[in-house]
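Undergrad: when you get a sec, could you give me coordinates for this:
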Amino acid sequence: MQTAIARFLRYLRVERNASELTIKSYREDLACLVEYLTEIAGRPPEPGHISTSDLRGYVAALHEAGYAKTSVARRLATLRSFFRFAQREGLAASNPAKPLRNPRPDRKLPHFLTTDEIARLLEAPPSSEPLGLRDRAILESMYSAGLRVSETVGVNEEDLDLESGLVRVRGKGKRERLSPLGNFAVRALQRWLEVRQVSPREPKGGAAPLFINKFGRRLTTRSVARMLEKHIRQAALDTRTTPHTLRHSFATHLLDRGADIRSVQELLGHKSLVTTQIYTHISTSALREAYQRAHPRAGKGRAIRQASQS
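TA: Next up, the predicted model:
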């Protein structure tokens, strides 16, 4: 089984060009399956000996352990991919994960900040010190371009075109896209670049990281999360706020102001429109207001016209 897993992970890296984060997730998911089956059978399993019944027991154990439905669905996706590979490589006669169905997901609306709350957050970092200027540049960029935190820390200086207001972003699956930067983000980045000092040991391979720590090294995603937590407390905002909240807020505010969902999909770098559609909930209030204002028999619009005619 370990040999099969190693071959599968190598296939993901070489042929599918999967990111290291994706490979890490697959490795952990498969290690969890091996641990469960070893405990049940008393010895490590072989890919060709694992049945659909075995996998159903594994999924049931995940539910009993309190795993979220989204986590179970992700692990099922890992199993389908692994056994599809194993079948193709002759390591298994069939794909025992194929008959399994994902649990019905709980529909949760993404947490987002209002425009006033975003303004408070973006003004929280002090502009009188280099790290404050860095934090402002990070937050402005994430909100202005709808960046994931991993995309943000991965941006290099050469990816910026401040004159055109664009940044090159490497998203999931190493897909690249050009994201626009607003005037506030451009100014924040310009001020940060004036004080930024990269460590002489950075970069490796000639790529100068845009956002660095006090030692001149590239920031990590965890460092950005800690930075955000600090400014969330300073701005007295909802403690549920995470780096991804800025991305949610970006999509929410665009749709709320009339942007079409296809454009938002492109800006977010979503492969599927279905992923973007979760944000359409926030346009409801704006649509209702437009309906009340414009429809001849909606109530508010009729009352306004009657008042203007009298």
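Undergrad: longest helix in the protein, by residue count?
TA: Among the elements of the chain assigned as helix by DSSP state H, the one spanning the most residues is helix 20-41.
Undergrad: quick one, strands of the stretch 151-300 of the chain?
TA: For the stretch 151-300 of the chain, strands defined by DSSP state E, counting those that start in this stretch occupy the ranges 160-161, 166-170, 176-180.
Undergrad: redo the ones you listed as JSON lines? Include distance to residue 79, mean neighbour count and mean pLDDT.
TA: Every residue, glycine included, has its C-beta placed from N, CA and C. Supplementary listing: the strands of the stretch 151-300 of the chain in JSON lines, determined by distance: least, C-beta to C-beta, whole Å; neighbours: other C-beta atoms under 10 Å; pLDDT from 0 to 100:
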{"stretch": "strand 160-161", "distance to residue 79": "41", "mean neighbour count": "16", "mean pLDDT": "94"}
{"stretch": "strand 166-170", "distance to residue 79": "28", "mean neighbour count": "19", "mean pLDDT": "93"}
{"stretch": "strand 176-180", "distance to residue 79": "30", "mean neighbour count": "15", "mean pLDDT": "91"}
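Undergrad: as a markdown table, the ones you listed with distance to residue 247 would be great.
TA: Converted to a markdown table, the strands of the stretch 151-300 of the chain look like this (distance: least, C-beta to C-beta, whole Å):
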| stretch | distance to residue 247 |
| --- | --- |
| strand 160-161 | 19 |
| strand 166-170 | 12 |
| strand 176-180 | 11 |
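Undergrad: can you pull the buried residues of stretch 18-28?
TA: Neighbour counts over stretch 18-28 (16 or more other C-beta atoms under 10 Å) mark 18, 19, 22, 23, 25, 26, 27 as buried.
Undergrad: check contacts around the fourth one.
TA: Neighbouring residues of residue 23 by C-beta atoms under 8 Å, 6 or more residues apart in numbering: 9, 12, 13.
Undergrad: do you know how far the residue nearest to the last one when sequence neighbours are not counted is from residue 66?
TA: Here the nearest residue to residue 13 in space, its sequence neighbours aside, is residue 23; by C-beta to C-beta, 6 or more residues apart in numbering that works out to 5.9 Å. When distances are taken as C-beta to C-beta, to the nearest Å, residue 23 and residue 66 turn out to be 26 Å apart.
Undergrad: now do the same contact list for residue 102.
TA: By C-beta under 8 Å, 6+ apart, the residues touching residue 102 are 69, 72, 73, 76.
Undergrad: and the pLDDT for it?
TA: The per-residue pLDDT reported for residue 102 equals 86.
Undergrad: circling back to that earlier point, now the longest helix of the chain: average pLDDT?
TA: In this model, helix 20-41 carries a mean pLDDT of 91.
Undergrad: need the contact list for residue 168.
TA: Applying C-beta under 8 Å, 6+ apart, we find residue 168 in contact with 155, 159, 161, 176, 177, 178, 179.
Undergrad: and the nearest residue to the first one once chain neighbours are set aside, what does it touch?
TA: Counting by C-beta to C-beta, 6+ apart, the nearest residue to residue 155 once its immediate chain neighbours are dropped is residue 210, at 4.5 Å. Residue 210 makes contact with 155, 156, 157, 159, 160, 189, 196, according to C-beta under 8 Å, 6+ apart.
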